[in-house]
Each structure stands twice: as C-alpha cells, then as structure tokens.
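K.L.:
Mind looking at a prediction? Sequence and model below.
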Amino acid sequence: MEVRWHIFWIIVGASAVTLIPRVVPLAVLSRIHIPDWAMRWLNYVPIAVMAALVGNELVKVDGEPFSISSHIELIAAVPTFLTAILTRSLLGTVAVGIVAMLLLRLWI
Amino acid sequence: MLRVNTSGVEVEERQDRFLQGVKDCVPTLLGYLSIGFAAGVIGHTSGLSIAEVLLMSLLIYAGSAQFIVSGMIAAQGPAAAIIVTVFVVNLRHLLLSAAISPYFRHLAPIKTLFIGSLLTDETFGVAMGEAMNQKKINEKWMYGLNITAYLNWILATVAGAYFGQWMTSPEKFGLDFALSAMFIGLLVIQIRSRGNISKDLVVAVSAVVVVTAFSLVLSGSMAVIAATVIAATIGVVIDRWK
C-alpha cells in the first residue's frame, strides 16, 4: 500500500500532459470570438471523434483472411448498434455490448 | 420577504441543476465501472499497488492513459517515453475542449479550468447531448456530471486493483468491450438527436474509413486525431456545397 518514488513522478508527469490539452482550449477559446466556419468545424468534432474511436476499436486490418474469431468485436457491435438505434439508451447499449461479448467468448 | 423567497428559489434551482447533472451521468456509470474495474485489474497485474492505482485515477483520470501507464511500467519503459505516449494519446482532448468551449463563455476562467480538468470522452458526449438547441451549458449541471463520473471512476479502479488479486482475465466477462459499446452508444444517440442524419453519417463513415487507413501507418491514437480532423473538415465542405 505504498507509492514508490519513480512511479509517483511518472504519474505526476502523465497527469500534467493530460491536463494541458483538457483545459487550455476551454480557458482560451471561451474568451475570444470564434469565427463561423470554425464553429461549424467544431460542430462536427463530436461525431467525428466518436466514430473514429469506434472505428479504431472495431476495425482491425491485419492482412489475414476474414475470420469470425479475429473480428469478434465487429460481431458484438451489431446487437450493440441495434440497441443504441432502437432504444437510445446508453446504459442498455453498454449492457447489451458486454453480454454479447461474454456470450461470443463462451461460444467461439 | 420577497428577497428571501427569491434566493430560496435560486438555491433550490441550483441544487436541482447539480442533481440533474448527477442523474444524467447515471447511464454512463456502468460503462465507467466496467472499464475502470478492468483498468484497476490491469494496474494490479502490472505490479502497481492499490495506492498507486488510486493516485493514478485521482491525478490522470483518463482510461486509455492509465492502461498505457500500467502496461509500460510492467514492461519497464523509461519514464520519458511513458509521459510522451500519454500526451499523444490524450491530445484528442484538445478537440473536445475546443468543441465544448463555446458553451462555457459565461464562466470565469477558473471555473472553465475546473470543468476542463474533468473532461472525458464520455462526459463530453453527455454534455454535447445536453447542449443541443442551447447556447450555454449550466455550470452546476456540468459539476454534477463531472464529479459523479470522477468519483465513480476512482471507486471502480480501486475496486479493480483490490479484486485483481483473484481476477486475472477481465476480458472473459466481456468487460473489455464496455469502452467500445459506450462509444457506439454516444455516437448513435448524438446522431439521432442532432436531426442532421445524412451529413452526420457521411462524417461518421469518413472518420471510420480514415482511422482504419491511417492505423496502418500511425499509432491508434494519432490515427484517431487525424481522422477526427479530416472527417470534421469533410463535414464543413459538405455544408458549403449545399
């Protein structure tokens, strides 16, 4: 239950470089006027970043022929997407995703 | 009398807003719990003490970064390399922070620092849902959302580090998919609520295509940043054409 010094400094350094990109745009951009084109660009960031994160997690290109066991995330994503589209419930979506993955791991 | 009444109403209103933020965070809690739990387990199996996992959640408070720190410490990576990697992975917060900034114009700088320091992919997703059809986001609501998410994350990672002694493979229980499922949920719910489905779909599909192509030559986190910039730009270009 102790914190070693070299781990402490790694954590402090990592927290500093995490904090800066989080706070600087908020502190600076909320002070100045943002031009219309930039606002429209920022308007698309939420969709773009979430889709990029999803794509990065689900789509693996490894040059191997397609097999179910190496693309298990893509299959689990199908009921997950359907739940999100039909229910608009974040909690339900996460629950269905976890259960789908659990079942796939049991069967495959 | 009248003055007392008004301030009473205001206090109630402020508490309402904070509590509403707490409530709006609830749908993300299961996702946070499972990812945080997994992060705690990984921290433990990487040789970190519970106190070190706790410190990491208190100060870093970013799932992907904490997975990376644990992994690199286990592999005995040099401190500078760990910190640079964390910086690159979390650069996408620049975009989130910039995108949310117009909704906090009305606040003093110190308050925007506090809000920004607890910004995550998930709270950003919930906040942008709340911001729909509004010019600003209520600060008390945002505190309720942020603080609930933060405490839940700390609890989950410490529990993971504690139970990690007996649980070595969280992926057996499907927990590793919680993060992907949460991103899917946030993406779909946002697209459905924005009422701009065709343009948003073009942007989303572009982001997936670009991130897949770039992941062949870049690290995952750099590919995500590049895909976000390119896909958002495609969205603006489509706006121009119409």
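P.N.:
Good, I have the coordinates. Numbers count the residues shown, from 1 in each chain, chains lettered A, B, ... in the order given.
K.L.:
show me what contacts residue A:61?
P.N.:
Applying C-beta atoms under 8 Å, 6 or more residues apart in numbering or on different chains to residue A:61 gives the contacts B:212, B:215-216. No exception for glycine: its C-beta is placed from N, CA and C like everyone else's.
K.L.:
Closest to chain A out of these?
P.N.:
Nearest to chain A out of those is residue B:212 (C-beta to the nearest C-beta; 4.7 Å).
K.L.:
Look at the nearest residue in space to the closest one that is not next to it in sequence and say how many residues are nearby.
P.N.:
Spatial nearest neighbour of residue B:212, excluding adjacent residues (C-beta to C-beta, 6 or more residues apart in numbering or on different chains): residue A:59 at 4.7 Å. Look at residue A:59: counted by other C-beta atoms under 10 Å in any protein chain shown, it has 16 neighbours.
K.L.:
Let's see the pLDDT reported for residue A:59.
P.N.:
You'll see residue A:59 listed with a pLDDT of 86.
K.L.:
Pretty sure it sits against residue A:74.
P.N.:
Yes - contact criterion C-beta atoms under 8 Å: residue A:59 and residue A:74 qualify, at 7.2 Å.
K.L.:
show me what contacts residue B:203?
P.N.:
A:44, A:47-48, A:51, B:231-232, B:234-235, B:238.
K.L.:
Which of those residues fall within helices?
P.N.:
A:44, A:47-48, A:51, B:231-232, B:234-235, B:238 (DSSP state H).
K.L.:
Buried ones among these?
P.N.:
Buried by 16 or more other C-beta atoms under 10 Å in any protein chain shown: A:44, A:47-48, A:51, B:231-232, B:234-235, out of the ones in helices among the contacts of residue B:203.
K.L.:
re earlier: kindly write the ChimeraX command that selects the buried subset of the contacts of residue A:61.
P.N.:
In ChimeraX syntax, the buried subset of these is picked out as below (16+ other C-beta under 10 Å):
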select /B:212,215
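K.L.:
Can you lay out the contacts of residue A:61 as TSV showing pLDDT, secondary structure and distance to residue B:174?
P.N.:
Shown next, in TSV, are the contacts of residue A:61 (pLDDT from 0 to 100; DSSP: H, G, I helix; E, B strand; the rest coil; distance: C-beta to C-beta, whole Å):
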residue	pLDDT	secondary structure	distance to residue B:174
B:212	93	helix	24
B:215	89	coil	24
B:216	90	coil	28
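K.L.:
circling back: which members of the ones in helices among the contacts of residue B:203 are the farthest-apart pair?
P.N.:
Across the ones in helices among the contacts of residue B:203, the longest distance by C-beta to C-beta is 14.8 Å; it joins A:51 and B:238.
K.L.:
what residue lies at the spatial centre of chain A?
P.N.:
residue A:53 (4.4 Å; C-alpha atoms, centre = their mean).
K.L.:
tell me the SS of it?
P.N.:
Under DSSP: H, G, I helix; E, B strand; the rest coil, residue A:53 falls in the helix class.
K.L.:
Kindly report the same for residue A:66.
P.N.:
coil.
K.L.:
In chain B, where is pLDDT below threshold?
P.N.:
B:1-15, B:168-172, B:242 (pLDDT under 70).
K.L.:
Could you list which residues are in contact with the closest residue to chain B within chain A?
P.N.:
Nearest to chain B in chain A, going by C-beta to the nearest C-beta, is residue A:97, at a distance of 2.7 Å. Counting by C-beta under 8 Å, 6+ apart, residue A:97 makes contact with A:76-77, A:79-80, A:83, B:174, B:177-178, B:180-182, B:184.
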